[in-house]
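Peer 1: Sequence first, predicted model second:
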Amino acid sequence: GAQFPYEDVRDFFYRRNNHIDALDHAAERLFESRGLRIDHLLSDLTGYLDQELGIRIRLADGEEGDRLQKRYEPEQKTLYLARPSSSSRRAFHIAHQIGLLVYGDLIEEEIAAADLASTAARSLGRVALANYFAGALLMPYERFLDDARRLHYDIERLGGLYGTSFEQVCHRLSTLQRPGNKGVPFYFVRVDIAGNISKRQSATSFHFARLGGVCPLWNLHEAFAYPGHILTQLARMPDGKTYLCLARTVHESGGSYLRPQRKFAIGLGCEIGHAHELVYSTGIDLQDEEAVEQIGVSCRVCERPDCPQRAFPPLSRRLQIDENRRSAFPYPFEGSSRENP
């Protein structure tokens, strides 16, 4: 089993190809039956809470030490949302609460089928599934997929069309794997400036590091040097599969001068066989082998012998040190084809 509860939940989503069909259909039915409107979704969802569930929305100024973005008080039937937040985030939190309250039975069915190993993992699973429902309600499957294809998966145009953030759109794109009507299979990842992964989902066979940082040659790191710009990269993993990788920074305000911003790089990518469907392949020669960068999962598990950015030797190989020779590549190891200088 997974070592940590959050790994257990991530593995569950990976086994499901990052797609929860029952919740997607439930979100679509609610959107259509209530006549929700993309351009007025925040007010429509607020009205739904009030009219159908008797729940009021209250905006709360964050007090010192209180960094909650959302708090639901069932006795008061009041949902408190942080005042310094965007409309897309507020709509997401409302949709999340609707998922928990209205579709709790459906979420529990998924939890029961997930075979999660601990109480903590099951609690995290409920939150993750409610988050999934919220994304599906803000960006209903069929409509969103049709627009994604029409716009060639242009993330910024989709965000403008649905009033959602760059990160929300990227995550939603990684879930579009409905049987019989699948979108491009994407991986989705979020890292901080130190390379720590805080979110990762995939509908591809892309391999992520479970612990520690990610490959320094991946364009996720370079994104921090170009804030707000979308970077592209053709990258090949050790298993031989090549991906079109996108990376861009996002930031979240702390709400106060004395509270630091949260800064991340968002990565989204697909296998090169799907790259022509993306607007981001414009101007890139997808057949040019010289344009492909060789990357890995992380140094500890990567056995590439000729990586100039290697920070650690691979765990699976013994070092071969010759005190009289020095290679341009760090840590020569057993089986390396480039041990000589």
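Peer 2: Cool, got the structure.

Peer 1: Show me where the protein has its strands.
Peer 2: In the chain, the strands defined using DSSP state E lie at 56-60, 70-73, 78-82, 177-178, 181-182, 187-191, 197-202, 231-236, 242-252, 262-271, 292-294.

Peer 1: Turn those into a markdown table, including mean neighbour count and mean pLDDT.
Peer 2: Placement of C-beta: from N, CA and C, glycine included. What follows is those, written out as a markdown table (neighbours: other CB atoms under 10 Å; pLDDT from 0 to 100):
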| stretch | mean neighbour count | mean pLDDT |
| --- | --- | --- |
| strand 56-60 | 14 | 91 |
| strand 70-73 | 15 | 93 |
| strand 78-82 | 19 | 92 |
| strand 177-178 | 17 | 96 |
| strand 181-182 | 12 | 97 |
| strand 187-191 | 23 | 94 |
| strand 197-202 | 18 | 86 |
| strand 231-236 | 20 | 96 |
| strand 242-252 | 21 | 95 |
| strand 262-271 | 22 | 95 |
| strand 292-294 | 15 | 93 |
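
Peer 1: List the buried residues for stretch 294-313?
Peer 2: 295-302, 304-305, 307, 310, 313 (16 or more other CB atoms under 10 Å).

Peer 1: mind saving the C-alpha coords of it as PDB?
Peer 2: What follows is stretch 294-313, C-alpha atoms only, in PDB (Å, rounded to 0.1, in the frame of the first residue of the first chain):
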ATOM      1  CA  GLN A 294      16.300  13.700 -22.200                       C
ATOM      2  CA  ILE A 295      14.800  14.000 -18.700                       C
ATOM      3  CA  GLY A 296      14.100  11.600 -15.900                       C
ATOM      4  CA  VAL A 297      11.800  11.100 -12.900                       C
ATOM      5  CA  SER A 298      14.400  12.100 -10.200                       C
ATOM      6  CA  CYS A 299      18.100  11.600  -9.800                       C
ATOM      7  CA  ARG A 300      17.700   8.800  -7.300                       C
ATOM      8  CA  VAL A 301      15.900   6.500  -9.700                       C
ATOM      9  CA  CYS A 302      17.300   7.800 -13.100                       C
ATOM     10  CA  GLU A 303      20.000   5.700 -14.700                       C
ATOM     11  CA  ARG A 304      20.900   8.100 -17.500                       C
ATOM     12  CA  PRO A 305      24.800   8.100 -17.500                       C
ATOM     13  CA  ASP A 306      25.400  11.400 -19.300                       C
ATOM     14  CA  CYS A 307      23.300  13.900 -17.300                       C
ATOM     15  CA  PRO A 308      25.300  17.000 -16.400                       C
ATOM     16  CA  GLN A 309      22.700  18.100 -13.900                       C
ATOM     17  CA  ARG A 310      22.800  14.900 -11.800                       C
ATOM     18  CA  ALA A 311      22.500  15.700  -8.100                       C
ATOM     19  CA  PHE A 312      22.700  12.200  -6.700                       C
ATOM     20  CA  PRO A 313      23.800   8.800  -8.100                       C
END
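
Peer 1: ok now it, how far from the chain's centre?
Peer 2: Distance, stretch centre to chain centre, for stretch 294-313: 24 Å (CA atoms, centre = their mean, to the nearest Å).

Peer 1: same deal with stretch 88-108?
Peer 2: Worked out by CA atoms, centre = their mean, stretch 88-108 lies 19 Å from the chain centre.

Peer 1: Repeat that for stretch 304-316.
Peer 2: With CA atoms, centre = their mean as the basis, stretch 304-316 stands 27 Å off its chain's centre.

Peer 1: Would you work out how far apart the start and end of that stretch are?
Peer 2: End-to-end distance for stretch 304-316: 12 Å, by CA to CA, to the nearest Å.

Peer 1: Same question for stretch 202-215.
Peer 2: Start-to-end, stretch 202-215 (CA to CA) is 17 Å.

Peer 1: got it, and stretch 147-155?
Peer 2: Across stretch 147-155, first to last residue, CA to CA, it's 11 Å.

Peer 1: Just put the buried residues of stretch 294-313 in CSV and tack on distance to Pro84 and pLDDT.
Peer 2: Output for the buried residues of stretch 294-313, formatted as CSV (distance: CB to CB, whole Å; pLDDT from 0 to 100):
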residue, distance to Pro84, pLDDT
Ile295, 38, 90
Gly296, 40, 84
Val297, 37, 82
Ser298, 36, 79
Cys299, 39, 78
Arg300, 40, 78
Val301, 41, 78
Cys302, 41, 78
Arg304, 45, 79
Pro305, 50, 77
Cys307, 43, 79
Arg310, 43, 80
Pro313, 46, 77
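
Peer 1: Adding distance to Leu45, write the strands of the chain out as TSV.
Peer 2: TSV is the format used below for the strands of the chain (distance: least, CB to CB, whole Å):
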stretch	distance to Leu45
strand 56-60	9
strand 70-73	13
strand 78-82	10
strand 177-178	23
strand 181-182	26
strand 187-191	24
strand 197-202	24
strand 231-236	34
strand 242-252	21
strand 262-271	25
strand 292-294	43
